[in-house]
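one predicted model, sequence on top.
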Amino acid sequence: MNNTLDVIKKRRSVRNFKSEQIADSEIASIIEAGMYAPSGRGDQSWYFTVVQNTELLYEVSEAVKRIYASLDNPFLQSQGKNEKYHLFYHAPTVIIVSGNKDALLPELDCAVCVQNILIAAESLDIGSCWISGIDLLAATEEGRPIIKKLNIPDAYKPYVSVALGFKKNENPKAAPRKENNIHFIR
Ligand SMILES: Cc1cc2nc3c(=O)[nH]c(=O)nc-3n(C[C@H](O)[C@H](O)[C@H](O)COP(=O)(O)O)c2cc1C
């Protein structure tokens with residue numbers, strides 16, 4: 001599949017992964033796609049942490065879940081309290097995208113970078129899912145040691161993560177797109 005529009009439309013969030021690891025060359029291509037995203041002022045403020053250590057991923061998942069459980073948000077609270085919930089759905093590879101604190105728009109840089117990552121993964125038939133919550137680690141006492149463990153340099157703040165792995169199932173159909181939200185002025 002090499003038509004970009006088809007790839008964009010076919011991509012779905014994948015939450016069921018095979019345990020088989022994806023290749024380093026695939027990770028390199030996926031990250032390279034992220035690096036070619038636009039960025040505010042051309043800062044390219046992203047920093048990538050590739051985690052394939054199951055125990056560390058579990059630790060990160062549990063730390064974020066504890067924060068979720070303490071929040072005043074019923075959706076996140078129920079995820080935080082759900083013993084079976086794994087933040088990364090046991091994906092064999094997780095990429096954490098952090099942004100340079102001195103950049104103009106690091107959070108937006110990381111967001112567009114991750115979108116490129118998701119599209120690139122789909123183009124290689126690799127499943128992916130955008131995972132939030134990682135940003136909360138920087139805001140809490142208990143999260144900061146985890147950021148240290150992840151070796152994220154002090155100049156960077158983690159914003160987004162992506163779960164990656166081979167898909168266990170075919171992509172489901174996309175939900176119907178919302179209509180009547182385009183307004184032309186000519
Ligand atoms: C800003 C943002 C945050 C998201 N956070 C999560 C998340 O923490 N966990 C998760 O499983 N999916 C997360 N997703 C994926 C969405 O749930 C998913 O994109 C949406 O349900 C539409 O499904 P699709 O990606 O298959 O089209 C996130 C997506 C975005 C854009």
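Received the coordinates, thanks. Residues are numbered from 1 along each chain as shown.

can you pull the buried residues of the top strand by length along the chain?
Longest among the strand segments of the chain by residue count, using DSSP state E, is strand 156-165. The neighbour-count check on strand 156-165 (16 or more other CB atoms under 10 Å) flags 156-165 as buried. Just so you know, the C-beta spots here come from the backbone N, C-alpha and C atoms, and that holds for glycine as well.

just the closest of the residues you listed to Leu137, please.
Leu137 has its nearest neighbour among these in Pro158, at 6.3 Å by CB to CB.

beta partners for the closest one?
With DSSP bridges as the criterion, Pro158 is bridged to Ser98.

now do the longest strand of the chain: which elements does it pack against?
Applying 3 or more CB pairs under 8 Å, 6 or more residues apart in numbering; DSSP states H and E, one finds that strand 156-165 contacts strand 93-100, helix 106-123, strand 127-131.

Leu5: which of these is closest?
Nearest to Leu5 among the helices and strands packed on strand 156-165 is helix 106-123; the distance by CB to CB comes to 10.5 Å.

and the contacts of the closest one?
Helix 106-123 has contacts (CB atoms under 8 Å, 6 or more residues apart in numbering) with 1-2, 4, 7-8, 10-11, 29-40, 43-46, 95, 97-100, 103, 127-128, 130, 157, 159-160, 162, 164.
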